[in-house]
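Participant: build me a structure from this.
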Amino acid sequence: MGGSDVGGIARFHPIGSPPRSEQPTEIPAHGALVFGDAVVETGGGELRVWDDPLDNERRRRWWRERYLPTLEPLAALEIEHVLVTHGQAVLSDGAAALRRALEREPWQRPKR
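Facilitator: Numbers count the residues shown, from 1 in each chain. A predicted model of the protein is given here:
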């Protein structure tokens, strides 16, 4: 899979179309993938892709056709752990947890 390699220690994977500033970081030696805000854990080890608002058909189409496809290759990586900045880390079968996240509706910050 693509991504900028940093001395065999880490690979940065661009996501989004147009590309987001966040680039998930793969750490192959540990079978880990690290996310900033793109993917969150929402309880019980459930990962969700975070994006909001998807309040019109144009945004929903962008989500399905341009954003999710940039995350799909990450679920094909041989990852065991998914580390997130929001929620608990997934410490086993991370690739499957990420695949399930891509099938779910996006997580959106609860309204205050």
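Participant: hey, which helix is longest across the chain?
Facilitator: Secondary structure of the chain read by DSSP state H shows that its longest helix is helix 94-103.
Participant: so what touches that helix?
Facilitator: Helix 94-103 has contacts (Cβ atoms under 8 Å, 6 or more residues apart in numbering) with 31-33, 39, 45-49, 68, 71-72, 74-82, 90. Backbone N, C-alpha and C define where each C-beta goes, glycine included.
Participant: residues contacting the most centrally placed residue in the chain?
Facilitator: For the chain, the residue sitting closest to the mean C-alpha position, by Cα atoms, centre = their mean, is Val39 at 4.2 Å. Taking Cβ under 8 Å, 6+ apart as the criterion, Val39 is in contact with 24, 47-50, 71, 82, 84, 98, 101.
Participant: which residues touch Leu82?
Facilitator: Careful, residue 82 is Val; it's not Leu. Val82 touches 32-35, 39, 41, 47, 89-90, 94, 97-98, counting by Cβ under 8 Å, 6+ apart.
Participant: report the secondary structure state of it.
Facilitator: Look at Val82: counting by DSSP: H, G, I helix; E, B strand; the rest coil, its state is strand.
Participant: partners of it in the sheet?
Facilitator: Counting by DSSP bridges, Val82 is bridged to Leu33, Val90.
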